[in-house]
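Novice: Build the 3D model from these lines:
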Amino acid sequence: MARRVEATNDIALESKEACVRVGYYVDVAATHMHQAIGRKPRRRTALVNLGYHLRVHGVTSVAAWFFQLPAVVASPLPPQLLSLGGGHDTLHWRLRGLCPNDPDRFGAMRTFDVDLPTVAASKARAITSTPELLKHCGKLVAADMPSSVVLARENYSVLAADITDVAEVTSALDAVEFNFAAPTLVLSECVVAYLSPEQGDELIGWAAATLSGPSIFVDYSPVGADDGFGATMMSHFTEFGTRLTSVSQYNTPVDQEQRCVKHGWNSSVSTLLTTILHILPPAERLRLLSLEMFDELEEFYLTCHHYTITVAANNLEGEIDIFGNAPLAVPACGGGLVHPSTFVATWHPAPCLHAIDHRLWNAAATTTPCSSVLYFGGYGGDNQARCVGAGIINTVSGTTSTVVNPPTDITVGCTLSAIGATNDALLFGGRASPAKPNNGLFHFSMMTATWLKVEHAVNGIPPPSARWRHTAAVVELASKWLFLVYGGRDMHGHVNDTTAIALCSPDLSSVRWCEVEQTGESPGLRHSHCAAMHHGQMIVYGGVSPQAVLGGLFTASVTVKEDGASAQMQWTELIVVPPLPPRFGHSCSPFGEHHMCVVGGVGKVPLHWSEQILLIDVENLTWHHVLVGGDYRHREVMWIRHTTHIVNGNQLVVLGGGGTCFSFGAMHNKPSASAFKLAPP
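Specialist: Numbering: from 1, shown residues only. Below you'll find the model as predicted:
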C-alpha cells in the first residue's frame, strides 16, 4: 500500500500544476517542481481543478492566518512549518509569493518536509536542480548529516522518515535542530486518512504533546463514507490500492474535531470545502466557475461536502477564526415538526421495475394520465454511453416499450412535459454536450408513438435561446394549450431570457411564441430548480443563481392578451414557515390536492438521508421531511439527475439518477427505479 500512497503524491502534483496552468491560482513553484521531476503536463477536468483550487486556497489561508498571528509574530523564535507526508507540496513557496513586496513577511519561516525516502529524495533533487526554488531555501547547512537528512538548508530541510514511527520522525527533526518550542504549523494534507485509526491518533497526539509553543495541526481529509457518494469515493480509493482506513471511524467534521481534542489539542474547528467555496467573494466564485466549460455542479458540491480542513490549536488565545467560523455541518432544519401531519415513504421492492435499463441517468421523463412514464435520453448502461432513445414504462407491470425515431441531436438536460389528459408530451431544449445546447421543440404522440418536430411560427418573436437545466410545463388556458419555459443555462452560464411562453396550435404542429411581461417578485436567473403545476399555476422551488444555492418557493400565473402575441406572467413569492432549505439538482411531482413532493438534490450544506424527501404544502405554506421506511439501501443511491413521479395515487417512483465525478468514477443507481408508498404513519 505504501507504494500506492506514494503514487498519490504524483497525482496531486500533476493536478495542482494543471490547475495553475488553466489559471485557477498562481503557483510558480508547482510548475517548476513539476518540470524538475520530469512529469508531462496533463489535463484535468474542471471538477478536479475546482476541487484542488479550494484545497490549496483553504490550506494556504490557514497558514497565512497562523503565521501572522500576534503570538507568532511576537515570538523571538523563528516560526516553523512541519509538513508530514506532503510529497512535492509547495506551501513554503506559496507563502512567500503572497507578499512579493514584503519578502521578509515569511522570510524567517523554517520549513521541514518529512516523507518516505523515495519521495524525500525526489523532492530534494527537484529543489537543488531548480535555482528558482533553491533561492528561497537559504544557505547550505553542514553537509555531514545522518542518512535521514536528505536536504539541509537554512530555511528548508527535507527528511526521510516513516511518519507512522513518531520516534523516527523525532530523531530526524532533532538532526536539523527543529525547535519544539517555536511557533509551529503541522500540515497533514491528505495523509492521516491513509493511516490506521491508531496510527493517526498517535501522530496527532505526538504533535500535541511535543510542541510547547503556539501551534496548530492542519489536516485535510475526506469524510462522509455513509452515503452514496461517500461509498463510491471509498470504493475508488480501495480499488486504487490506497484504502481510506480512518474515514469510517472519523466520518464527520464533528468526529474530526473531537479526535484532535481527545488527543491533546485544546480546540479544533473543521470546515468543509463547501464553506470555503461560499465565503469566497462572489466575483471570484463566478470567475472560478467560468474558467472552463463545466456542468458537473452536483458532483462538485458533493465532492466539497466530502472533504474537510480541520485545524486544531494549542497555546493560542481566542478562537480559531479563519473562515469566519462558518458552521461546517448544519443540523437538520426540523421542518417536519411544524406541520401536524407527517408522511412515511415505505420502500416496496418492485421486481417489475428492476429490469429497467439503467440508462436513465440525466434522462428526461414525465408522468402520463394512465400512470405510465415516458422517458427520453440519458446516459449510462453497461457501456457508459449516451442514450439517444425513448421509451414508455408501465409502472404497474414494469414493462418498457421502445419509441422509434426520437430526436437524435439531444442527449441530456431536456424537459418532457405532459399535455393534459392526452397522454402526449412536448420535449424542449437539452444538449448533446455543454458546447451544443438545443432549443428544438418536439411533440410526442402516444396514439402513434411517434415524434414530430414542432415548427416555430414566424411572428417576430424568436423562440427561447438554447438551454438545458430548465423547467417546462403545459397548461390549458381558455381552451388553448400554453407552453411555459423557465430558467436554464447555456454554455456561458445562466440564460438571460428566463421566461418563455408559447401558444400551441390545436394539433400541436406549431407554436407561436409570445412577448412576455413579467410582474411581481420574479425568481430571477436560476437553473437546476424544480417546478410543478398546481391548479394552473407553476410552482418553482430551489435552484442555483449566479451567486448562491437557492431555497425560495415561487408561484406564477399566466394570462394571454387578446392579440395572442403577448402574455403576462405574474410571480408571487410564497413565504413558507420555516424557510425551505436551499437545494438544487432535485426533482418534484404534484401529490394530492395541494402538496408537492420533492426528492433528492444537493444542498448548500450536506443533506442527511432523512432530508432527501420532503412534502411542501403549497396552500398552507408549510413543509416536512418524509421518513423513509422499509429496508431501503440508501448508501447505494445518489438522488441527483433523476426524475420523480407520483403514480397510482400515492406511489412515489424515482427513476434513474447517480453521479459522474471524474475523480471517483461513475455511480448510476441500480436498480434504476425505486418505488415507495406515501402514507400517514
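
Novice: Can you verify my assumption that residue 642 contacts residue 599?
Specialist: Yes. Here residue 642 reaches residue 599: they are 7.1 Å apart, a contact under C-beta atoms under 8 Å. For glycine as for every other residue, the C-beta is placed from the backbone atoms N, C-alpha and C.

Novice: Need the overlap of contacts for those two.
Specialist: 587, 654 (C-beta atoms under 8 Å, 6 or more residues apart in numbering).

Novice: Check what pLDDT the residue nearest to residue 414 when sequence neighbours are not counted gets.
Specialist: Using C-beta to C-beta, 6 or more residues apart in numbering and skipping the chain neighbours, the partner closest in space to residue 414 is residue 430 (2.8 Å). If you check residue 430, the pLDDT there is 93.

Novice: and residue 430, how many neighbours?
Specialist: 29 (other C-beta atoms under 10 Å).

Novice: Please report how far it lies from residue 293.
Specialist: Residue 430 sits 16 Å away from residue 293 when distances are taken as C-beta to C-beta, to the nearest Å.

Novice: Specify the next element, helix or strand, located C-terminal of the longest strand seen in the chain.
Specialist: With DSSP state E setting the assignment, residue counts place strand 549-560 as the longest strand in the chain. Downstream of strand 549-560, the first helix or strand assigned by DSSP states H and E is strand 566-574.

Novice: what ranges of the stretch 101-250 of the chain fall below the confidence cut-off?
Specialist: Applying pLDDT under 70 to the stretch 101-250 of the chain flags the ranges 101-105, 143.

Novice: again, only this time at 90
Specialist: Low-confidence regions of the stretch 101-250 of the chain, defined here as pLDDT under 90, cover residues 101-108, 141-147, 226-245, 248.

Novice: Tell me which stretches of it form helices.
Specialist: Secondary structure of the stretch 101-250 of the chain by DSSP state H, counting those that start in this stretch: the helices cover 117-128, 131-134, 166-175, 197-210, 228-240.

Novice: Where in the chain is the helix or strand with the lowest mean pLDDT?
Specialist: Comparing every helix and strand of the chain by mean pLDDT, DSSP states H and E singles out helix 351-354 as the least confident one, with a mean of 58.

Novice: sorry, back to before: the longest strand of the chain pairs with which strands, parallel or anti?
Specialist: The strands beside strand 549-560 in its sheet (DSSP bridges) come out as strand 537-544 (antiparallel), strand 566-574 (antiparallel).

Novice: Give me whichever of the ones you listed is most buried.
Specialist: Stretch with highest mean neighbour count among the strands paired with strand 549-560: strand 537-544 (a mean of 25; mean count of other C-beta atoms under 10 Å).

Novice: Distance from that strand to the middle of the chain?
Specialist: For strand 537-544, the gap between its own C-alpha mean and the chain's C-alpha mean amounts to 21 Å (C-alpha atoms, centre = their mean, to the nearest Å).

Novice: and the nearest residue to residue 35 once chain neighbours are set aside, what does it touch?
Specialist: The spatial neighbour of residue 35 that comes closest, neighbours along the chain excluded (C-beta to C-beta, 6+ apart), is residue 130 at 7.8 Å. Contact analysis of residue 130 by C-beta under 8 Å, 6+ apart lists 32-33, 35-36.

Novice: Buried members of those residues into PyMOL, please.
Specialist: Those of these that meet the burial criterion (16 or more other C-beta atoms under 10 Å) are gathered into one PyMOL selection, given here:
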select buried, resi 32+33+36
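
Novice: Any chance of JSON lines for the contacts of residue 130, columns secondary structure, pLDDT and distance to residue 118?
Specialist: Output for the contacts of residue 130, formatted as JSON lines (DSSP: H, G, I helix; E, B strand; the rest coil; pLDDT from 0 to 100; distance: C-beta to C-beta, whole Å):
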{"residue": "32", "secondary structure": "helix", "pLDDT": "94", "distance to residue 118": "20"}
{"residue": "33", "secondary structure": "helix", "pLDDT": "93", "distance to residue 118": "16"}
{"residue": "35", "secondary structure": "helix", "pLDDT": "93", "distance to residue 118": "19"}
{"residue": "36", "secondary structure": "helix", "pLDDT": "92", "distance to residue 118": "16"}
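
Novice: So which of the contacts of residue 130 is the closest to residue 229?
Specialist: Of all the contacts of residue 130, residue 229 sits closest to residue 33, with 31.2 Å by C-beta to C-beta.

Novice: And that closest one, how close does it get to residue 197?
Specialist: Spatial separation of residue 33 from residue 197 under the definition C-beta to C-beta is 32 Å.

Novice: Repeat that for residue 19.
Specialist: In this structure, residue 19 and residue 197 are 31 Å apart, going by C-beta to C-beta.

Novice: and what of residue 25?
Specialist: For residue 25 relative to residue 197 (C-beta to C-beta), the value is 33 Å.

Novice: Quick check, residue 360 in contact with residue 674.
Specialist: No. With contact defined as C-beta under 8 Å, residue 360 does not count as touching residue 674 (11.4 Å).

Novice: Looking at those two, which has the bigger crowd around it?
Specialist: When residue 360 is set against residue 674 and neighbours are counted by other C-beta under 10 Å, the residue ahead is residue 360, at 30 against 27.

Novice: that older thread, for the contacts of residue 130, give me TSV that also has distance to residue 160.
Specialist: TSV is the format used below for the contacts of residue 130 (distance: C-beta to C-beta, whole Å):
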residue	distance to residue 160
32	22
33	18
35	23
36	18
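
Novice: of all the contacts of residue 130, which two lie farthest apart?
Specialist: 33 and 35 (7.4 Å).

Novice: quick revisit: who's in contact with the residue nearest to residue 414?
Specialist: 364, 377, 410-415, 437-438, 468.

Novice: if you set the cut-off to 6 Å instead, what comes out?
Specialist: With contacts taken as C-beta atoms under 6 Å, 6 or more residues apart in numbering, residue 430 has the following neighbours: 410, 413-414, 438, 468.

Novice: what kind of secondary structure is the closest residue to residue 643 other than its chain neighbours in?
Specialist: Taking C-beta to C-beta, 6+ apart as the measure, residue 643 lies nearest to residue 365, with 4.1 Å between them; neighbours along the chain are not counted. Classification of residue 365 using DSSP: H, G, I helix; E, B strand; the rest coil returns strand.
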